[in-house]
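Undergrad: Provided below for reference: sequence and predicted model.
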Amino acid sequence: MKKTIVSSVLAAAGLMALGAQAQAATLDDVKSAGELRCGVSNGLPGFSQPDSSGNWTGLDVDTCRAVAAAVLGDSTAVEFIPLTAAERFTALQSGEIDMLSRNTTWTTTRDASLGLNFTGTNYYDGQGFLVKTALGIDSALQLDGAAVCTQAGTTTELNLADYFRANDMSYEAVVFDTSEASAQGFDNNRCDVLTSDTSQLAALRTQLSDPSSAEVLPDIISKEPLGPVVRQGDDEWFNVVKWVLFGQINAEEYGITSSNVDSMLSSDNPSVQRIVGTDGNMGEILGLDDDFMVDVVSQVGNYEEMFERNVGPNTPIGLQRGTNALWTDGGILYAPPFR
Amino acid sequence: MSVHKASPDLPAPIVNRGLIGWLRENLFSTWYNSIITLGLGYLLLSWLIPLINWAFIDAVFLGAGPESCVANAACWVFIEQRLGFFIYGFYPEAMRWRPNLVFILFALTVIPQFLPTPAKLRKWLALFGISGLPIAAYIFISGGHFGLESVATSKWGGLMLTLILAYVGILAALPIGVALALGRRSDMPIIRGICVIFIEFWRAVPLITILFMASVMLPLFLPDGVTFDKLMRALVGIVFFQSAYMAEVVRGGLQAIPKGQYEAAEALGLGYWRRMRLIILPQALKIVIPGIANTVISLFKDTTLVLIIGLFDILGAVKSTLSDPAWDNVMAEGYLFVAFCFWVFCFGMSRYSHRLEKSLETGHRN
């Protein structure tokens, strides 16, 4: 017994010594570790989900891969750490992960009081409603008195209450533990309406026994900008993560794709030249190689490729670009210039 | 004069023996019993037939992907396609021979315990199971030694992780539990106090709280940049929690030993440790085998709680893939698969404990 205690104390001390070298400059840590530790969701279709061979796929996952490609030149050098909603911020604060990319909504409280910084938005989401087509409803304002399926302990529950109160309507909440369970409840007619983020509603709709029996209403009742998060106080790393996403959006704007990135190296367009690193020293001032965007685009793709591959119209989730289109295409995706 | 010969007894009337007799006796003895039998029989069949149809007859067992599934029938293709993930989690495919090797070692250690193998061999295998096997499992699964590439614990998952959590939990909780039980009955006030506080503390908090503390709160209390492995934190939590339970089970056994045994052992002039090791513990542990088996089985099932701290045990692995939009609703198949895996292991443990009880039975019941 005594021996057990002594040896476990020693083991604990050893572990602490190992961990102590982390923190400080995350960029240097990631470079010296040769691997990016990225916190992701433990299963959200289209954003981060393991495929049949256990590889992580999704938009949030690709956001991590892009950063790994930029910093290490290898998009596969990522250790994905699945986190629940409750532990995500602790994991980042305690240095267990280098960045968090877990469909996390950017809010004032999170930005200001948790010691974290949101680096941007990789998906503009919003809460919506999925209703049975048989009800003949075409606006959320007609939902007075409806039974609404929702997931416990999420902001959707609060937004729902806010929306119905603001519009002076009543509703009956049917609360479920997980989003799949709420979809099942909706399918079994436990409620008339299912509410969640629209990106999730699209995925949940495919799980219904007859997907054509339900449709997503056009009303969006909340703003949910989802994006990567880093620790506060490490501006160098903050800039890297921020500009990798901006770089991908800029690459889409200038038509740089994974298939043509090599020919873009000889482009005459100065904007393209600055992105691919043939002109200027954008990489160097960020602490990266000048051609870091070439690695990102060739290995992960620009924003459009990332979107189409994971959640676009040709995937089972089938989301349209909508708000997430470039500002030039009527969306609100607008990245500052590489200059 | 003819001697009277008794004619052979006639068998009981057909309505009183065999299947018909049994049915009459047990299911149709009175008119109201008959009605209940018919009613329940109808309910059972109306529920069972569709279930068998769904799970076996109409079900699709082999296929290439979601498109081979049919409506209103189980789609076992889903399990088949994801089996690798459900068993190994994110463990790199090229290195899966390593856990496989450990699985084989595990099977070779465990299966002979259920077969009529020589007692001596069983004993050696059991000894290997608590010493060599965990070391081998650590070396092979974790890597980093002997030229094996190291695999981070965040990549461990599935059934492999469930078994690791349960095995380490059981292996560590039993000796710690015995030590705590002895400590709680000790004459030394400090040791007794420590043991009582330890047991009462860990037994009074729900496991889910402990895991949550370990994964969410603990990192905040540690100095900046200091991180413990998440799996390690969960394991320590599980071990502490279960050893408190184990201690109370063992203490029950210690109290069941008649005082005469303690005094006789003392009269033989044995010291404390030899008294316990040679006389008291063998008897006490034998008495509480059902209790230990109970704790062990509940520990095995409790490992699923690591789901809430984002570890992909078998339930977590299955759950994370259920929402895959490529597949139609496969919730039932997924959960049935998990239930089946758990049933196999828990039933196995229960049989093993029965066997152990029988083989250790010495007939000294007073």
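TA: Okay, I see it.

Undergrad: what residues does the stretch 101-250 of chain A put near chain B?
TA: Residues of the stretch 101-250 of chain A that fall close to chain B, judged by CB under 8 Å from any CB of the partner chain: A:178-180, A:184, A:187, A:203-204, A:206-209. Yep, even glycine has a C-beta here, placed from its N, CA and C like the rest.

Undergrad: for ChimeraX, write a command that selects the buried ones of the residues you listed.
TA: Those of those that count as buried under 16 or more other CB atoms under 10 Å in any protein chain shown are selected in ChimeraX with:
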select /A:179,180,184,187,203,204,206,207,208
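
Undergrad: just flag the most distant two among the residues of the stretch 101-250 of chain A next to chain B.
TA: Largest separation among these by CB to CB: A:178 and A:209, giving 18.1 Å.

Undergrad: for chain B, what's the nearest residue on the stretch 201-339 of chain A?
TA: residue A:316 (3.6 Å; CB to the nearest CB).

Undergrad: can you pull the pLDDT of the closest residue to that residue other than its chain neighbours?
TA: Closest residue to residue A:316 in three dimensions, ignoring its sequence neighbours and counting by CB to CB, 6 or more residues apart in numbering or on different chains: residue B:325, at 3.6 Å. Residue B:325 is assigned 74 on the pLDDT scale.

Undergrad: contacts only, for residue B:11.
TA: Contact analysis of residue B:11 by CB atoms under 8 Å, 6 or more residues apart in numbering or on different chains lists residue B:17.

Undergrad: what's the spacing between it and residue A:56?
TA: For residue B:11, the distance to residue A:56 equals 71 Å [CB to CB, to the nearest Å].

Undergrad: repeat for residue A:160
TA: Relative to residue A:56, and taking CB to CB, residue A:160 is found at 31 Å.

Undergrad: ok, residue B:222 next?
TA: 27 Å.

Undergrad: residue 231 - how many residues pack around it?
TA: Picking chain A for this. Using other CB atoms under 10 Å in any protein chain shown, residue A:231 has 22 other residues around it.

Undergrad: switch to chain B, that's the one I care about
TA: If you count neighbours by other CB under 10 Å, residue B:231 ends up with 19.

Undergrad: just checking, it touches residue B:312?
TA: No. If you go by CB atoms under 8 Å, residue B:231 and residue B:312 don't touch, sitting 10.6 Å apart.

Undergrad: quick check: neighbours shared by these two?
TA: With CB under 8 Å, 6+ apart as the test, residue B:231 and residue B:312 both reach residue B:161.

Undergrad: poorly predicted segments of the stretch 151-300 of chain A, please.
TA: A:153 (pLDDT under 70).

Undergrad: hey, where'd the helices end up in it?
TA: Along the stretch 151-300 of chain A, counting by DSSP state H, counting those that start in this stretch, helices occupy A:155-166, A:179-187, A:198-205, A:235-253, A:261-264, A:270-276, A:282-286, A:292-299.

Undergrad: please enumerate residues in contact with the one helix or strand residue B:293 maps to?
TA: Secondary structure from DSSP states H and E places residue B:293 in helix B:289-302. The contact list for helix B:289-302, computed with CB under 8 Å, 6+ apart, reads B:162, B:166, B:169-170, B:173-174, B:207, B:238, B:242, B:245-246, B:249-250, B:252-253, B:285, B:342, B:345-346, B:349-350, B:352-353, B:356-357, B:360.

Undergrad: go again with 7 Å.
TA: B:166, B:169-170, B:173, B:207, B:242, B:245-246, B:249, B:252, B:342, B:345-346, B:349-350, B:353, B:356-357 (CB atoms under 7 Å, 6 or more residues apart in numbering or on different chains).

Undergrad: what do you get for stretch A:289-304?
TA: Counting by CB under 7 Å, 6+ apart, A:62, A:65-66, A:69-70, A:73, A:75, A:244, A:247-249, A:251-252, A:256-258, A:261, A:275-277, A:281-284, A:306 sit against stretch A:289-304.

Undergrad: count the residues that sit near residue A:238.
TA: Neighbours of residue A:238 (other CB under 10 Å): 20.

Undergrad: swap in residue B:264?
TA: 13.

Undergrad: ok, it to residue B:282 distance?
TA: Taking CB to CB, one finds residue B:264 at 14 Å from residue B:282.

Undergrad: same question, residue B:169
TA: Here residue B:169 is placed at a distance of 24 Å from residue B:282 (CB to CB).

Undergrad: compare the two (neighbour count), which wins?
TA: residue B:169 (24 against 11).
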